[in-house]
Structure formats: C-alpha cells, structure tokens
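>>> quick one, what's the 3D model for this:
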Amino acid sequence: MARSPTTDSIPDPAALPDGSGHHLFLPGLAAVSVPGPGNSSAAATAPSVPGVARSGLMNRGNLESAWQLLVGRPLPRSQTSEEQITPVQGLSALSLDALTSVAYGPEAIIVVLALAGAGALHLILPITLVIIALLAILVFSYRQVIDAYPGGGGAYAVSRANLGARASLVAAASLVVDYTLTVAVSISAGVEALTSAFPSLVPATVPMCLGILVLVAILNLRGVGNAARAFLLPTMIFIVGLFAIIAIGLIHPLALHASQPGVIELPTKGLQKVSVLLILKAFSAGCSALTGVEAIANGVPVFKPPKAVRAKRTELLLGGILGTMLLGLALLASRWHIAPRSNQTVLSQIMGDAVGRHWAYYFVSLTITLVLALAANTSFGGLPILGSLLARDNYVPHVFSLRGDRQVFDYGIWALTILSAALLIAVNGNTNRLIPLFAIGVFTGFTLSQSGLVVHWWKNKPSGWRHRAAINGTGALVTAVATTVFVITKFTQGAWVVIVAVPAFIILFYRVHGYYVKVGKLLGIGRTPQKPEGSRTRVVVPLSSVSRLIERAVSEALSLGDEVICVTVVFDGGDEGDEGSDKAIREQWRRWDPGVPLRVLHTDYASVVDPIVSFIDDLSNSCDDQIVVLIPVVIPDHLRHRLLHNHIDSVLSAALRSRTDLVVARVPIALNESSATRPNRANRHG
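Here you go, the predicted structure:
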C-alpha cells in the first residue's frame with residue numbers, strides 16, 4: 001500500500017510544475033501541515049496566511065520582534081497600496097541608476113576621445129546627440145514594453161514571448177549580472193567620491209560599501225514605497241541642483257577663468273587617428289549613461305494603479321530629464337574644451353567652471369555622492385521582480401516567488417545583497433575594477449528587447465506596425481553594435497568575467513528547470529490522481545520519562561491514530577535506581593496508566609536512535625498500517641534555551657528525514673507558567 005511521505009521531505013506545493021513545465025501556485029501556502037484526523041496541532045509546519053494574526057501560528061520571540069522593528073509590521077495585501085509608488089517616486093525608486101550616469105557617461109566619451117588629442121574633444125557633442133537619439137528610441141520602446149507586458153520583466157518578458165525560451169534566458173542572465181554590477185558600481189562610486197574628499201576614510205572603503213548596501217537592502221525589505229520616499233529628497237536636490245548648474249553655465253558662468261585643481265592629462269605622443277573605430281569606442285563608452293533605462297519596465301507591478309500608465313509617465317520623465325542633462329553637459333564640455341584632469345572628474349570641472357568652488361559646488365557634490373550610492377536602489381526594484389518571473393517559469397527556486405511580511409520578494413532582495421557584497425569584497429570596493437564589466441549585460445538586454453518588439457509587431461501587425469518595427473529594429477542594431485564594441489574593447493580588461501558569468505547563469509536556469517520538470521512528472525502534477533484511500537494508522541511516540549510533555553503527546557497521538565505505542569530506550573548495565581532503568585520507567589508508567597502500551601527497548605550501545613529506528617522498521621514490515629512518528633518537543637521562552645532541549649528530536653528527525661514510508665511530526669508544548677496551569681484541551685483548541 002502506498003505510504004505518505006514524511007513531513008520533512010514533502011516538497012512545497014507552491015514549488016512544483018505540472019507535467020508540461022507550467023507553474024502551479026497555491027496562494028498563501030508556504031509549507032505543508034501534517035494531515036490527520038481532527039486537524040491536530042501536531043504539525044511539522046504551518047501555512048502562512050496573509051492578514052491572519054501571526055501569533056496564532058508561531059511563538060513570537062525577541063528576534064522576531066526586533067526584526068519587525070527594523071523592517072516594519074506585517075503588511076496585509078489589502079494595504080499594499082502603501083508601498084506602491086507614483087511616477088515622481090519612480091524617479092528615486094527605479095531611475096537613479098540612469099540619472100546618476102551623467103556623472104560618468106560624458107567622462108567616458110572624453111577619456112576615449114582624448115587618445116586622439118585635444119583636437120578630437122569637440123566630437124563629444126555629436127556623439128552625445130546620437131546617444132540621446134538612442135535614448136529616445138529606448139524610452140519609446142520600453143513604453144511599448146510596459147503596454148504589452150504590464151506584469152514586469154522587461155527584456156525577459158519580451159524575449160520569452162517573441163524570441164523563445166533560450167533568448168529570454170540570455171536576457172535574464174544578462175540582467176542578473178547587470179543588476180549586481182549596478183549595485184556594486186553605484187555604491188563603490190559613491191564611497192570613492194566620499195574618500196576623495198576625506199582621504200582618511202580610505203582604509204574603511206569596504207566596510208562603508210557594505211554598510212550602505214545593508215542600509216539600502218533594509219529599506220527595500222520595508223517596501224519599495226519606503227525606499228522611494230526615503231530617497232526622493234536627495235533625488236530632487238540632485239536633479240534641481242544639476243539643472244541649475246547647467247543653466248548658469250550656459251547663461252553666465254561664474255568662474256570660467258578660475259584655475260582648476262589637478263593636471264590636464266592629454267597625450268602628446270602616439271596620438272590615435274580620429275577613425276571610425278575610435279568614434280565607435282567613444283560612442284560605446286558613452287552609452288554607459290543609458291544603463292538603468294530598462295528598470296522601469298521591469299518594475300511595473302510596484303506602481304499605483306493604473307500601473308502601466310504611471311510607469312510610462314515615469315519612463316518619459318526619466319528620458320526627458322536624462323536627455324536634457326546629457327545635452328547640457330555635452331554643450332558645456334564642448335564649449336569649455338573640458339579634458340581629462342588628474343583627481344578631477346569631468347562633472348566636477350564643469351561644476352567648478354559654472355558656479356565656482358563655493359558652497360553650491362560642495363552642496364551639489366555631496367548630493368551627487370549620496371545619490372550615486374543610492375542608485376543601487378534601481379537594482380533592488382528590478383531584480384526581485386525578475387526573480388519572481390523566473391520562479392514562475394521554473395528557472396530559479398520557487399522561493400523567489402514568495403512575498404515576505406511586507407509584500408516584497410524578500411529572497412530576491414537577499415540574493416542581490418549577497419551577490420553584490422561578494423563582488424564588493426572581491427574588488428576591495430575599487431570602482432575602476434568594476435567599470436570594464438559594466439553595461440555589457442544591460443545592452444544585451446536592450447538588443448534582445450528591441451529585437452523581440454520587432455517580432456511582436458510583425459506577428460500582431462497593428463496600425464502603424466511597420467513604423468514601430470523600423471524604430472525598434474534601428475535600436476536593436478545600434479545597441480548590438482555597442483555591445484559588440486564593449487566586448488571587444490574591454491575583454492582583456494575584465495569583460496571576460498561577464499562573458500563567463502552569463503552562460504553560467506543560463507546553465508543554472510536550465511538545471512533548475514530540468515529538476516522541476518522531473519519532479520512534476522514523478523508527482524503527476526497536472527494529471528488527475530487516483531481516489532485517495534485511507535488506512536489504519538499507528539502512532540509511535542518516543543519518550544525518555546513520564547511528564548506533562550508526554551501527556552500532551554499521547555493525547556495528540558490518540559486523536560491522530562487508531563493505535564498508539566510509546567517507546568523508550570534503556571541502556572543495559574545501568575544502576576537499579578536510575579530513573580531511566582527498565583524497572584523505574586515501567587513503575588512510572590503503571591502509576592500513570594494512560595491506556596496505551598509502553599515498549600521498553602534495550603541496547604548495549606550509546607545510540608538512542610538505532611533501537612527506535614529498528615523498532616519502527618519491524619513495525620513497518622509487520623503490517624500495512626500507516627505509521628506516524630510523533631516526537632514531543634518543548635518551545636522555551638528564550639532563544640538561548642533552545643540548545644538545552646529537544647536533543648532526541650534532532651537526532652531522530654535526522655535519521656528519519658529521508659524515509660518515505662512513514663510520517664514524521666512534532667507536537668510542541670510551550671515552556672511558560674501560563675501553559676503549566678492551562679488545560680490541555682484548551683491548549684489545543686483555544
């Protein structure tokens with residue numbers, strides 16, 4: 001007769017696909033409770049039900065209370081609107097990566113052009129105009145993506161629907177790599193700006209990076225809305241301050257002829273020619289200013305209804321603000337012949353010429369430092385949603401599709417935090433070691449999403465589809481060229497890491513998907529199962545002495561099964577007066593007389609587990625009854641006391657965990673004064 005699996009080995013139903021690989025969700029179910037008559041509380045785990053008082057499901061401890069103080073009280077689904085964002089908040093939640101790219105995008109162009117000498121620096125303006133044109137195409141395209149795929153996912157969703165699973169996994173892997181790099185680059189750049197102003201802080205670079213990372217992660221664990229509101233003020237100061245500096249610089253610069261710190265770094269020998277290749281290199285380098293444009297399309301679900309409308313407004317706001325900033329900075333850099341200078345960024349030079357090195361310069365500089373670090377928040381708004389979509393499609397563990405108490409995808413946030421922390425530690429918080437890896441992943445996503453939209457228009461052929469397909473096709477071609485140039489020119493500088501990481505993630509996705517498909521077939525998910533058949537149940541209760549804990553366990557066992565057997569282990573050679581001796585335990589049992597038999601197992605060895613497992617094996621082989629092993633456990637008031645209890649549970653559960661011919665469950669009892677005087681039935685059913 002078929003047996004029920006142990007509760008320790010039952011897969012999470014929310015984590016299983018059907019036979020065709022499609023995901024089957026059981027909303028709100030986080031784990032499986034032990035089946036049995038009377039809906040007994042003898043459960044291995046309990047379902048997580050949003051909106052229900054959690055005190056009825058688990059014992060609140062000091063750690064849980066402290067955690068809730070840190071991330072906030074549990075948020076029911078009916079109140080998720082508190083954590084949804086508006087278009088303006090979307091700038092701080094999902095757009096900081098793109099907005100802060102003005103701090104390094106124009107500089108990347110100038111650094112490449114400088115290889116051809118001062119005479120090539122004027123090309124920053126036409127190159128920037130082409131980049132702004134590409135930005136317009138991307139904004140136009142991602143607004144279409146938002147309309148067509150309002151569930152989020154961006155390049156992954158577009159590629160999966162139009163280019164197939166393989167292309168979608170390339171997009172997903174590229175985005176995972178890019179999101180991780182975005183966090184690391186943003187935080188390290190912010191800390192680098194701070195240590196430039198305060199050199200004494202250089203030895204603390206990595207701890208400061210990790211501290212900022214943890215802060216951003218915690219704010220996102222509280223909810224995207226919390227992070228958006230927390231970052232909104234510095235974002236607005238950054239935008240207004242930089243626009244003011246550009247306007248002053250264009251209309252009436254205040255310190256144009258003031259001396260600049262540092263030394264101009266222009267080569268005087270071995271100058272390169274202004275060739276097509278050099279211009280392509282400068283263009284590709286400047287395209288780093290476009291990273292983050294896709295994040296809004298990935299994070300559509302975090303907006304207030306109507307989600308798609310608000311997300312499109314945010315995308316348009318981002319495109320307008322970023323394009324205007326890039327154009328203004330390129331005009332000033334071209335007009336003032338800005339060149340690479342030691343210990344000075346291009347943006348710092350422009351600000352110094354525009355307003356002088358006074359309070360306004362330092363105020364905006366500090367704001368830029370802050371928002372550079374906070375730009376990591378863009379990834380925290382995008383990757384958890386991408387992870388949930390991959391989990392839905394069975395490519396990552398389904399735990400990534402589960403929401404936490406604050407209705408956010410906790411596991412996606414933690415995964416991004418861990419990956420980014422490892423990367424920051426590996427490069428010692430050095431931004432220059434991360435830059436060569438940057439932008440390849442996101443431009444791969446750009447190319448795939450643009451190509452996918454071309455296929456989308458060709459399939460559906462709506463009004464004006466040829467015009468739209470032509471725009472998206474142009475965007476796909478340009479971003480593909482930029483990606484190719486990135487890979488070729490930066491391969492030996494570290495881009496090979498991305499080339500290795502993306503296929504590694506794709507292999508991981510396939511392995512996870514293959515496992516879920518295999519499990520789905522083995523469990524027959526998606527097919528109608530046979531009618532369930534009940535069987536006679538025997539419950540085995542291990543014990544070491546007679547106590548109120550055993551009274552509770554036997555009471556639960558009687559409600560679960562048709563026959564209850566209590567077992568205890570006696571070590572041969574013990575003293576007659578030992579409490580654990582055969583005679584002592586039988587006398588205790590006789591005085592109590594619970595109405596169920598006691599089997600005393602003898603052993604010459606030190607193991608308590610082996611005799612119990614042998615007894616269970618003999619019992620299983622001698623009958624076709626369903627066997628339930630019910631282990632009594634105590635729940636102490638304090639975490640520090642847990643090491644002092646439940647040792648038999650630890651070793652016996654480990655020994656039986658892989659058994660599929662029986663059910664292993666636990667019956668808990670709380671260790672507090674109130675429970676000591678409370679009636680047992682009230683404990684169970686109150």
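>>> show me where the stretch 501-650 of the chain has helices.
Ranges of helices within the stretch 501-650 of the chain are 548-560, 582-592, 609-622, 647-656, based on DSSP state H, counting those that start in this stretch.
>>> sorry, that was for the stretch 301-450 of the chain
Counting by DSSP H, counting those that start in this stretch, the helices of the stretch 301-450 of the chain are 307-335, 346-355, 359-374, 377-392, 410-426, 431-434, 440-460.
>>> just checking, what's the longest helix in the chain?
As assigned by DSSP state H, the longest helix anywhere in the chain is helix 165-197.
>>> so how far is it off the chain centroid?
13 Å (C-alpha atoms, centre = their mean, to the nearest Å).
>>> what comes up buried for the next helix or strand after it?
Next helix or strand after helix 165-197 toward the C-terminus (DSSP states H and E): helix 205-222. With burial defined by 16 or more other C-beta atoms under 10 Å, the residues of helix 205-222 counted as buried are 205-206, 208-210, 212-213, 216-222. Using the backbone N, CA and C atoms, a C-beta is placed for each residue, glycine as well.
>>> longest strand of the protein?
strand 626-636 (DSSP state E).
>>> report the separation between residue 657 and residue 565.
21 Å (C-beta to C-beta, to the nearest Å).
>>> which one's more surrounded, the two?
Neighbour tally, residue 657 and residue 565, criterion other C-beta atoms under 10 Å: the higher count belongs to residue 565, 18 against 12.
>>> for the stretch 151-300 of the chain, which spans come out with low pLDDT?
196-197, 270 (pLDDT under 70).
>>> can you redo the helices of the stretch 301-450 of the chain as JSON lines with mean neighbour count, mean pLDDT and distance to residue 647?
Below are the helices of the stretch 301-450 of the chain laid out as JSON lines (neighbours: other C-beta atoms under 10 Å; pLDDT from 0 to 100; distance: least, C-beta to C-beta, whole Å):
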{"stretch": "helix 307-335", "mean neighbour count": "21", "mean pLDDT": "94", "distance to residue 647": "52"}
{"stretch": "helix 346-355", "mean neighbour count": "24", "mean pLDDT": "88", "distance to residue 647": "62"}
{"stretch": "helix 359-374", "mean neighbour count": "20", "mean pLDDT": "84", "distance to residue 647": "47"}
{"stretch": "helix 377-392", "mean neighbour count": "27", "mean pLDDT": "88", "distance to residue 647": "36"}
{"stretch": "helix 410-426", "mean neighbour count": "20", "mean pLDDT": "94", "distance to residue 647": "31"}
{"stretch": "helix 431-434", "mean neighbour count": "18", "mean pLDDT": "76", "distance to residue 647": "48"}
{"stretch": "helix 440-460", "mean neighbour count": "24", "mean pLDDT": "89", "distance to residue 647": "49"}
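>>> residue 594: which of those is closest?
helix 410-426 (44.1 Å; C-beta to C-beta).
>>> what is that closest one packed up against?
Packing contacts for helix 410-426, counted by 3 or more C-beta pairs under 8 Å, 6 or more residues apart in numbering; DSSP states H and E, involve helix 165-197, helix 205-222, helix 377-392.
>>> residue 488: which of those helices is closest?
helix 165-197 (17.0 Å).
>>> neighbouring strands - and their directions - for the longest strand of the chain?
According to DSSP bridges, strand 626-636 has the following sheet partners: strand 537-542 (parallel), strand 663-671 (parallel).
>>> make CSV from those strands and add distance to residue 185, mean neighbour count and mean pLDDT to it.
Formatted as CSV, the strands paired with strand 626-636 follow (distance: least, C-beta to C-beta, whole Å; neighbours: other C-beta atoms under 10 Å; pLDDT from 0 to 100):
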stretch, distance to residue 185, mean neighbour count, mean pLDDT
strand 537-542, 56, 23, 93
strand 663-671, 47, 21, 87
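>>> relative to residue 347, which of these is closest?
Using C-beta to C-beta, the nearest of these to residue 347 is strand 663-671, at 60.1 Å.
>>> quick one: residue 131 from residue 246, how far?
From residue 131 to residue 246 the distance is 17 Å (C-beta to C-beta).
>>> brain fart, residue 183
28 Å.
>>> higher neighbour count, the two?
residue 183 (30 against 21).
>>> thought the more buried one was touching residue 212?
No: between residue 183 and residue 212 there is no contact under C-beta atoms under 8 Å: 9.8 Å.
>>> mutual contacts of the two, please.
residue 376 (C-beta atoms under 8 Å, 6 or more residues apart in numbering).
>>> tally of neighbours for residue 128?
For residue 128, using other C-beta under 10 Å, the count is 27.
>>> next secondary structure element downstream of the helix or strand where it lies?
Secondary structure from DSSP H and E places residue 128 in helix 124-148. On the C-terminal side of helix 124-148, the closest following helix or strand by DSSP H and E is helix 155-162.
>>> buried sites along that following helix?
Buried residues in helix 155-162 (16+ other C-beta under 10 Å): 155, 156, 157, 158, 159, 160, 161, 162.
>>> for those residues, which one is nearest residue 333?
Closest to residue 333, out of all of the buried residues of helix 155-162 and judged by C-beta to C-beta, is residue 155, at 31.3 Å.
>>> wait, that closest one touches residue 171, no?
Yes: look at residue 155 against residue 171 with C-beta under 8 Å: they come within range, at 4.1 Å.
>>> can you list residues touching both of these two?
Joint contacts of residue 155 and residue 171 (C-beta under 8 Å, 6+ apart) are 445, 448, 449.
>>> distance to residue 260 added to these, as JSON lines?
Listed next are the shared contacts of residue 155 and residue 171 as JSON lines, based on distance: C-beta to C-beta, whole Å:
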{"residue": "445", "distance to residue 260": "38"}
{"residue": "448", "distance to residue 260": "43"}
{"residue": "449", "distance to residue 260": "41"}
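>>> distance of the spatially most central residue of the chain from residue 426?
Residue closest to the mean C-alpha point of the chain, counted by C-alpha atoms, centre = their mean, is residue 412 at 1.4 Å. Counting by C-beta to C-beta, the separation of residue 412 from residue 426 is 21 Å.
>>> one more: residue 446?
Distance from residue 446 to residue 426, by C-beta to C-beta: 27 Å.
>>> one step back: ok, the nearest residue to the residue nearest to the centre of the chain once chain neighbours are set aside - contacts?
Excluding its sequence neighbours, the residue lying closest to residue 412 (C-beta to C-beta, 6 or more residues apart in numbering) is residue 384, at 2.9 Å. Residues near residue 384 by C-beta under 8 Å, 6+ apart: 220, 400, 408, 409, 411, 412, 413, 416.
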